[in-house]
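1. Take a look and give me a structure for this.
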Amino acid sequence: RLLGLIFGMVGIVLLIGPQASLPGGWAAGFVLLALGAPLFYATEGNLVSKWGTGGLDPLQVVFGASLLGLPICLMLALGTGQWIDPTAELGRAEGALILSASIHALVYAAYVWLVGRAGSVFAAQTSYVVTATGVLWSIYLLQESYSGWVWLALAVMMLGMFLVQPRAPRVLVPGRAMEDDGSNQEGAVAK
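-> Sure, this is the predicted structure:
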């Protein structure tokens, strides 16, 4: 697992290295800022893996997190003039927003489920999947092109993902056959 995580970090270094296809030195700062997402994924994954979800299923956890984030989003939307009136007629843009939010909620619930089933280290690899799909979508939707360094970084990150496998189930107590001492037979007297 450690080797897989190291490969992932090497991929990031290849992205921000001097030979990368970033437009200027300032762009490396945005890559470092973008590392906040996997950092928060890892933090959340470790917390959920260690302390669980308090008996809630993943959809309930995502719903609760959405309720907690609602006041922050409401203040930002009102403060920046980005409020969308929910009573107005819905067009294509609003429909796309609702669809995107619904997909995000389901995918995030799947992530919380994955943390509980496979562990935080394996689940954190979703950040690499997000990166790879973002690159592919930018090529498809925006017709962007990338240098060989970016493709090398992506390949190294994928290798890192391959090396990090889900944790094996833990055995609580090593198993061995119990000996029959006759104490469970009818008429046996406890010593």
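
2. Which strands or helices does the helix or strand containing F162 pack on?
-> Using DSSP states H and E, F162 sits within helix 148-163. The helices and strands touching helix 148-163, judged by 3 or more Cβ pairs under 8 Å, 6 or more residues apart in numbering; DSSP states H and E, are helix 2-16, helix 126-142. (Glycine included, C-beta is placed from N, CA and C.)

3. Nearest to G52 among those helices would be which one?
-> helix 126-142 (19.0 Å; Cβ to Cβ).

4. got the buried residues for the lengthiest helix in the chain?
-> Criterion DSSP state H: the longest helix present in the chain is helix 92-118. Residues of helix 92-118 classed as buried: Y108, A109, Y111, V112, W113, L114, V115, G116, A118 (neighbour count, 16 or more other Cβ atoms under 10 Å).

5. ok, of the residues you listed, which one's closest to S100?
-> Y108 (12.2 Å).

6. What separation do you get for the closest one and I6?
-> Relative to I6, Y108 is positioned 27 Å away (criterion: Cβ to Cβ, to the nearest Å).

7. for the helices and strands packed on helix 148-163, which one sits closest to G54?
-> Evaluated over those, closeness to G54 peaks at helix 126-142, with 22.2 Å, by Cβ to Cβ.
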